[in-house]
Every structure is written in C-alpha cells, then in structure tokens.
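Asker: here is my input; please provide its structure:
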Amino acid sequence: MRKHQQQRIFELLEILNEAHDELARQTAPKVIVGLLGDCQEFALKIGDYIEEIEGEGTRTVSLLEEYCELLYEVSVNLDLTNGVPKLRRQLIVITNSVKDELKQKKIEIAFFPYKASMFDALESIWLAAKDDPQCDVYVVPIPYYDLLSDGQIGQMQYEGDQYPDYVPITNWQEYDVEARRPDIIYIHNPYDNGNRVTSVHPMYYSKRLRDLTDLLVYVPYFVSNGDVSEAMCRTAACIYSHKVFVQSEKVRQTYIRVYKQLAQQHGFGDAFGKAEEKFQALGSPKFDKVVNSRREDYPLPDEWAGKMIRSDGTRKKVVLYNTAISSLLTGNEAVLHKLRYVFSVFSERDDVLLWWRPHPLNGTTYASMRPELLEEYETIVREYKLGDFGIYDDSTDSQRAIAMSDAYYGDGGSMVALYKLTGKSMMLQNIELSAAGTTARNPYAFTHAADDGSHLWWSAYSGNALMRMDKQTKVATYVGFFPDEKYCGWPLYGGALLSEGKLFFAPSAADAVAIYDIEAGTWEKIAFELSVQEAGQLFFPEYKFGDIKRYKNWLFFIPLSYPAIIRYDLDTGKIEYINKWIKQLEPYIFDKAEVWFAQSVQEGSQLLLPACNANAIVIFDMETCKSVVQTVENVQHGFEGVCGDAEQYWLTPRKHTEIVRWNRKDNTFTKLNEFPQEFVGGTYSFTLPIYANRSVWLLPKQANQIIQINEEDGKMTSFDGFPIEARPFYYTQMIENKIVTVSCRENQLIEWGIQEATAQVYAIVVSSDDDARMDGQGVFGNYNYEEHATSLNKFCEYITGRDRSSVNVEQQMKRVVQELTNFDGSAGKAIFQKSVQLLRY
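Answerer: Residues are numbered from 1 along each chain as shown. A predicted model of the protein is given here:
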C-alpha cells in the first residue's frame, strides 16, 4: 500500500461519513433506502480497490463487509435513531484498520534526471535510497528539447542509454507519474520553460510535478564557488519544489533572501512553503562524487591511456581543461582564439597532456545564441580531435576527468568548486591572453599610486613588484619585491598611501599590510585577522582591500570583500575591526557576489562609501567609527565611483551606464543617462571618475568614449583624440591640471589636458633587467590566475616539476570545507534521510 493510495481510501471513507450525515436528515423511506443502497455499492468499491492492491483476506475488507450487513439491517427496520450511530461507529473501526493494517509499507522514489552528465547531482542520494529495503526506487531519465535560435522547440533528446551500467534505468514512457504518484521525486533541472538553450519535456516541469507527489525535491545540478548567483535562485524549481537542498549555509541564506523577494514581488507569500523551511543546507551530491572517487575506479579507453605515456615510458602530467558557457557568451570570437592558443601550447609539449571537457551544452549554445560562430567552433573541435596532444571528453562523467588529472586549467564556475576538493593545483584561464608572448594586462599597470612630488610609487598589478616612476621622464624602476608574498596571478596590493616617508599598501591577494621606508629601503608587515566572520557576504581571499585613507593618526583600510573596515593606529599599532555597517547595509544588498566598495571620498571626518553591491552609500565617521546608510531611491544598481565637492557628488554605476547626481544639501538624487549619440557602453563602462574645473570626467573601461559632464546642466560631451584602443584604464588621478591614467592593456601612461582636451601618450620606460625581473615574478600556488608572469607554459612547467604536497592539499581542503556542509562525502545520504523523515512526519 502506497501513501497516496491509503490517503485515497481515507477520502472515500470520508464520503461515506458525509452520507451518514445526509441519511440522518432524511425521513422519506424511499430516499433512505436509496441512500443505504448507494452506501453499500460505494463500500463494495472501496473493498475492491483494497483487494486490487493488497489481495484478498485483509481485516479491513472484512470490516467493510460487516458494514454492508449493518446497512442491510437499517434498510429493513428503517431505525435511523439507532442505525446511523452504529454505522458511524463501524466506519471509525474501518478507518482505524486502514491506519494500522494498510499503512505504507514502502516508499516509492523517482529520480528524474535529464542529462546523463548531470546525474552526479543526484547519484549519491540514489545510492542511499536503493540500499534501503523500505524503498522502491526508479531512475527515470526524462526527455528534453534543444531550443532553436528563435526560441522554438527543436529536436527531442533522450539520454537513457548513456548512464553507467550500474544504474538500472526505467524508460520514461513506461513510468506513468500521474498514475503512480511517487512519494518522493528528485529533480536537478530548475528551469521549466525558463531556459534559452534547453527545456525538459513539459510533462516534467516542476510546476506540474508538485501536484503529483508528496515531496518534490530540487537538488541543483551545479555547485558554486562560494555563493550562488541570484539568477539561479529565481528559477521555477526554487518556487514549486517542496524542498531545495543546497551545498552550504551561506548559499542557503542567499536562496532564502531571493525567494522572499520573489514572494513579495509576485504576491504568493508562503503558498509554496516558508523560505526558512524550504531551503536546507545538507551539502551537494556532486561533492560526494569527488570525495568518494579514485583513479582506479575509471578504466580508460586504450587510445586515451596510450596518449598519457611519454616516449620514455613515464606518465605525462594531465591537465583538465574546462570551458564553460558563460565565457563562451561573453567572450565571443576571443574564446575561439583562446582555444587555438591553448591547443598550440600543448601540441608543442611532450610532458603534459590536455584533457578537454567542453561544457555539454557548448555546441547547442553556439547554435541557438551565437550561430555565426558555430562553424568555426566545430572546425576547432575537429582539428583538436585529430591531434595527438589531447583527449576530447564529451562523456557524461565529469568525475573521471577530475580523478585522472593532475591539475586544472580553464573557466570558473561549478567545476572549480568541485576541483578544489582534490587539493590539486588550479589556474583560471584569462580569455584575453590568447597568443604566445602577448600580455592580457600591462605588467606595469596599477590601480592606485602614491605621489611623493617627483615620483609615483605603486604595487604592480601583474606581479610581485614595488615600482617607482619619474613623473617627468616616465622612466619606471623595479624597486624590489614584497617580502613573504607569492604572486599567483592575483593583484597583491591595491591602495597605496605615503605618510611621513613610508609607503603603506592595502593587501588585496596579499596576507598582510606592507610598509616600505623609502629612505631606509626596509620593509615592515602588519598582520591582520584572516578568518573574520564573513557576515553572509561572498568573501574573495584574492580581493581583500582596495584603498587606504588617513584621518588624524589613523589609517583606514577600505574593503573590497573583506568583512570589515580596519582602523590602524600609527602611534600604538593597535588594529580595530569595524563591521557594524554590514548589518546596516544588508537590507539593501542585491548582489552578494559583488565587492563592498571600489572608491570613496573624504569629507572632514566622514568617508562617503558608495556600495558596489547595493543601491546605497555608507557614510562612515572615522572619529567615532559609527556609520549610517543613505539609500539611493529609484536606482536598481550599485556604484563603482564617486567624485565631487561638499555640495554635490557624482556616482558612477558598478555596471552599465546610468550616472547619479547626489545633492548633498537637500539629499536628492538625479539620474543622468543622455549620453552622446555615438556612445556605446558595456557591462563595466567607466573607471573611477575625476572631478575637476566644475566638470566630471569619465574614462572608459569598456565604453567607447571619454565623457565630460557639465556640472551646471548635466550635459554630456565626448571628445576625439583619446586613445580608446588602450582601454581599460584603471588608475586615474589629477596631477598638475591633467588627468593621468594608465592603460591596463598597453604599456602606456596617458595625460589628458582638460583645458585643451588633448592626450599625450607616453610609454612607461622599463630597463631590460627590470623587465626580466618582472617576468620571473610568477610563483604558483594551489589557486592561480593566468597572467604574463603566470602563463600557461609556466604553469605546465610548475606542475611537471612538483609532486603533490600534502601541506598544500591540507591548506586547500581547509579553505574549502569551511564553506560546505557534509563535505566528507555523506551529503547524499543526509538528503535521503531528511527526505524520508519529512515524508513520514
């Protein structure tokens, strides 16, 4: 007997109970006899239904037969005064028998995966369920459709024949979900009809499945590297599923917050469950797969195994190359150039083998969303398959590649989160670095510099190097490296500040504040707490702080993702962590994957800090360390930069183009978005703004023009003659009535004369010896980013020249497991046990 069948019997018995009430109200003998006959016929049908399921000989059917005898007695004597109470008492006895005798003996569980490559999101749950003798378990792969470029449904796909041999498959056409009504359904596709690339069969949309089971469970097909994208929290399965099991408490809190926003926006309240109960953090089966897998679990095809062996008989190091859809969509042609570059690197090496796993939807995505690039992509794939320097893996099992490889290279995303659990070395690819000898970034670029009057001092954006440049000659000198820091492709330091002959540097990827005494040529380091409570915001260890401000004898370190403002006392060396502003800002945060602040302005004792992740400004008093939050009404984005005077400030967007003018006196905000006709913005349009001569100047990151905004009327003007091709620009500063900026791409410093509206372009001159020092600054760790000093070739040299260090593995694991629930490989078991508990109670 299944639970829904038992429930059906209860419903039928309730109909009989209602018939008794009607019977008690009747007086006409003919009507009474007719009702009694109807009750008898109905009781017999209930008995037949029970015997169809349980067979003959049940006590409950015997009690129904006794009930029918009572009906006959009442129809003969028509004594309703005594007869109806007897019928009611007998019905209570029958109901209790149904509870005791016909209670659920087994739970039916259906797994509805659609792509075989994503079954790892459910597999460890299935493994736990199939071993439970109280469960009947079915794996029912469901069909899906590729969507055409116009959004129409294309060809139906079914992957039921692509699952591992040890997984028994039930054909979807043989499993009638409406008739069987499984007690628990597990799904991993969240979209229903909300995806532009694929759609599962509408029969399996979560909105429909919810009504065909007692417990619809959604387990995300992906895992996140820290927090989850808010877009993934707005999908149909997040609404219609009874329960959603996620990888960590941090991720759970994001789901809860976004779900509550959706409930308020669409007015469904708690109709689909209370957020705190719906979303539960029990870990991810995808992590189980990584933790529980070993190389010996995966026999390889002879062709693949042969490619792993060098001519001298030794094993090559294997690099897993993962390419994601996200970079495909944002990179366009650059992705294709990147693929050719990567393949050229490996084709020239005999000590490493490339194991390429393109995202299973890469080809489909090109066809539907980038059809003009599909032909070249398919050509690249064909050429790669013909080569002998790599493995092309489009199989459904990503875990095999994780287990068999020695290192990871490629895009971020779900695979990165999985690979971190292995403790092996990783490097995120830089799409812009796509030709041997080219640099994606100017190695001498910087985001902040300290000005001593004759020189600019900075920490190199792409390397471990303290640099100094003569402001007149533009000759740059490598002063030295930051001690006890390793450059792994992430910028070591952000903000730079000169105070009493010493340079202070705000740590970004570095683990300590650096102080350089210019006259003595000596270094000091200031350690700070690296494990401060993260307050629910996504913390990037590679982007801790972005700037430094001085007030009286305190230094204030302004966070990018670090969960506090640090105040450092120059006299006593005391460090204070101020984080009360986080709670004040939290109600206005709409993107927890964003950093806190990119720029601030100082107004007396106050710091004005526009938030990158919220439509708000934190006004922080450096004297008292107290703060208030000023919201920016009618704006649905965060802010990148701020500039202005004491009367009004100009806020530039973190993303896209809309400028906001803030009248500080009356606290009003005005949107400005009437750009010149030929203006084209981007996701990140502008670098930090400059206020000069009653105008605001916006230099481009991804935009195609330099923009001047007139303070009086807000009119925007663009200018020719600015070297747009050298964008993006990061550092911007007013020096001697000129805007000085540095190209992040080219080895160029540009001076923009605001009076004459002309640009002077200078090459940053670096000696060959210093250039060689910079080239050797890359020091690989477990988690790296591809840059000039940490190139793909150098990464290959690194992994071929080392064995896996248990210390590094432990450090990597320690960092990862703090973010996860049930990271020991037991998430699937925990999810299954919780599901059964919820079903029974």
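Asker: show me this protein divided up by domain.
Answerer: 3-101, 107-284+824-840, 296-435+791-817 (automatic domain parsing).
Asker: lowest mean pLDDT across those, which one is that?
Answerer: Sorting those by mean pLDDT places domain 296-435+791-817 lowest, at a mean of 86.
Asker: related to what we said a few turns ago, for Tyr649, which of the domains of the chain is the nearest?
Answerer: The closest of these to Tyr649 is domain 107-284+824-840. By CB to CB, the value is 28.0 Å. In this view, the C-beta of every residue, glycine as well, is placed from N, C-alpha and C.
Asker: what's the first-to-last distance across the closest one?
Answerer: 10 Å (CA to CA, to the nearest Å).
Asker: a markdown table for the domains of the chain, including mean neighbour count?
Answerer: Shown next, in a markdown table, are the domains of the chain (neighbours: other CB atoms under 10 Å):
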| stretch | mean neighbour count |
| --- | --- |
| domain 3-101 | 15 |
| domain 107-284+824-840 | 19 |
| domain 296-435+791-817 | 17 |
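Asker: residue ranges with poor pLDDT in the stretch 501-650 of the chain?
Answerer: Filtered on pLDDT under 70, the stretch 501-650 of the chain yields the residue ranges 531-538.
Asker: what are the boundaries of the helices in it?
Answerer: Using DSSP state H, counting those that start in this stretch, the helices of the stretch 501-650 of the chain run over 580-585.
Asker: try the stretch 351-500 of the chain
Answerer: Under DSSP H, counting those that start in this stretch, the stretch 351-500 of the chain gives helices at 362-369, 374-386, 398-404, 414-419.
Asker: now the last one, how far from the chain's geometric center?
Answerer: Taking CA atoms, centre = their mean, to the nearest Å, one finds helix 414-419 lying 11 Å from the centre of the chain it belongs to.
Asker: contacting residues around it?
Answerer: Contacts with helix 414-419, where a contact means CB atoms under 8 Å, 6 or more residues apart in numbering, come from 222-226, 286-287, 289-290, 320, 322, 324, 357, 398, 402, 408, 426, 428.
Asker: please redo it, this time with the cut-off set to 10 Å
Answerer: Contact partners of helix 414-419, identified using CB atoms under 10 Å, 6 or more residues apart in numbering, comprise 120-121, 220-226, 247, 284, 286-287, 289-291, 320, 322-324, 357, 359, 398-399, 401-402, 405, 407-408, 410, 425-426, 428, 783, 812, 816, 819-820.
Asker: the longest one now?
Answerer: Applying CB under 10 Å, 6+ apart, the contact partners of helix 374-386 are 328, 333, 335-336, 339-340, 342-343, 346-347, 354, 356, 358, 362-368, 370, 390-392, 394.
Asker: now with 6 Å, please.
Answerer: Under the criterion CB atoms under 6 Å, 6 or more residues apart in numbering, residues Leu336, Leu339, Phe343, Tyr366, Ala367, Tyr392 lie in contact with helix 374-386.
Asker: how much space between the closest residue to Tyr543 other than its chain neighbours and Val740?
Answerer: Among residues not flanking Tyr543 along the chain, Leu560 sits closest, at 4.3 Å (CB to CB, 6 or more residues apart in numbering). Noted for Leu560: a distance of 23 Å to Val740, by CB to CB, to the nearest Å.
Asker: show the end-to-end separation of stretch 148-165, please.
Answerer: 32 Å.
Asker: please list the outside residues in contact with that stretch.
Answerer: Ala116, Pro141, Pro143, Tyr144, Tyr145, Asp146, Ile169, Ser368, Pro371, Thr396.
Asker: I figured the fourth one was touching Val197, is that so?
Answerer: By that I understand Tyr144. No. Contact between Tyr144 and Val197 fails when scored by CB atoms under 6 Å: they sit 10.0 Å apart.
Asker: after the longest helix along the chain comes which helix or strand?
Answerer: Taking DSSP state H as the criterion, the chain has its longest helix at helix 29-54. Next helix or strand after helix 29-54 toward the C-terminus (DSSP states H and E): helix 59-77.
Asker: residues making contact with the helix or strand containing Tyr341?
Answerer: For Tyr341, the enclosing helix or strand under DSSP H and E is helix 333-347. Identification of contacts with helix 333-347 by CB under 6 Å, 6+ apart yields 327-328, 354, 376, 380, 384, 389-390, 431, 434-435, 792-793.
Asker: ok, now stretch 548-560?
Answerer: The contact list for stretch 548-560 (CB under 6 Å, 6+ apart) reads 495, 497, 504, 506, 543, 545-547, 566-571, 595-597, 600, 602, 622.
Asker: what packs against the helix or strand harbouring Glu18?
Answerer: With elements taken from DSSP H and E, the one containing Glu18 is helix 3-25. Secondary-structure packing of helix 3-25 (3 or more CB pairs under 6 Å, 6 or more residues apart in numbering; DSSP states H and E): helix 29-54, helix 80-101.
Asker: count the residues that sit near the closest residue to Phe719 other than its chain neighbours.
Answerer: Nearest non-adjacent residue to Phe719, counting by CB to CB, 6+ apart: Ala757, 5.0 Å away. Residues contacting Ala757 under the criterion other CB atoms under 10 Å number 14.
Asker: repeat for Gln606
Answerer: 17.
Asker: that one bridge partners, please.
Answerer: Counting by DSSP bridges, Gln606 forms beta bridges with Glu603, Asp621.
Asker: just to revisit the earlier point, redo the domains of the chain as CSV? Include distance to Val766.
Answerer: Compiled in CSV, the domains of the chain are given as follows (distance: least, CB to CB, whole Å):
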stretch, distance to Val766
domain 3-101, 74
domain 107-284+824-840, 35
domain 296-435+791-817, 18
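Asker: and those: which comes nearest Gly638?
Answerer: Across the domains of the chain, closest to Gly638 is domain 107-284+824-840 (CB to CB), at 13.0 Å.
Asker: quick one: that closest one to chain centroid distance?
Answerer: So, by CA atoms, centre = their mean, the centroid of domain 107-284+824-840 is 18 Å from its chain's centroid.
Asker: again with stretch 43-61
Answerer: Worked out by CA atoms, centre = their mean, stretch 43-61 lies 52 Å from the chain centre.
Asker: measure the nearest residue to Gln247 once chain neighbours are set aside to Ser627 for me?
Answerer: Nearest residue to Gln247, sequence neighbours excluded (CB to CB, 6+ apart): Ser284, at 4.2 Å. According to CB to CB, Ser284 and Ser627 sit 37 Å apart.
Asker: same check, this time on Leu418
Answerer: 39 Å.
Asker: same check, this time on Pro541
Answerer: Taking CB to CB, one finds Pro541 at 25 Å from Ser627.
Asker: who's more crowded, these two?
Answerer: Ser627 (19 against 15).
Asker: which residues pair with the more buried one across the strands?
Answerer: Going by DSSP bridges, Ser627 forms beta bridges with Phe620.
Asker: equivalent analysis for Arg357, please.
Answerer: Bridge pairing for Arg357 - DSSP bridges - gives Asn322.
Asker: surely it and Asp394 touch.
Answerer: No. With contacts counted by CB under 6 Å, Arg357 stays clear of Asp394, the gap being 7.6 Å.
Asker: wait, what's in contact with Gly413?
Answerer: So Gly413 contacts Ala324 (CB under 6 Å, 6+ apart).
Asker: low-confidence ranges, the stretch 651-800 of the chain, go.
Answerer: Looking at the stretch 651-800 of the chain by pLDDT under 70, you get 771-779.
Asker: tell me where it has strands.
Answerer: Assigned by DSSP state E, counting those that start in this stretch, the stretch 651-800 of the chain shows strands spanning 659-663, 668-672, 690-692, 695-698, 706-710, 716-719, 729-735, 738-743, 748-753, 758-763, 765-766, 783-785.
Asker: quick one: distance of the longest one to the chain centre.
Answerer: The one in question is strand 729-735. 32 Å.
Asker: mind listing what's buried in that strand?
Answerer: Phe729, Tyr730, Tyr731, Thr732 (16 or more other CB atoms under 10 Å).
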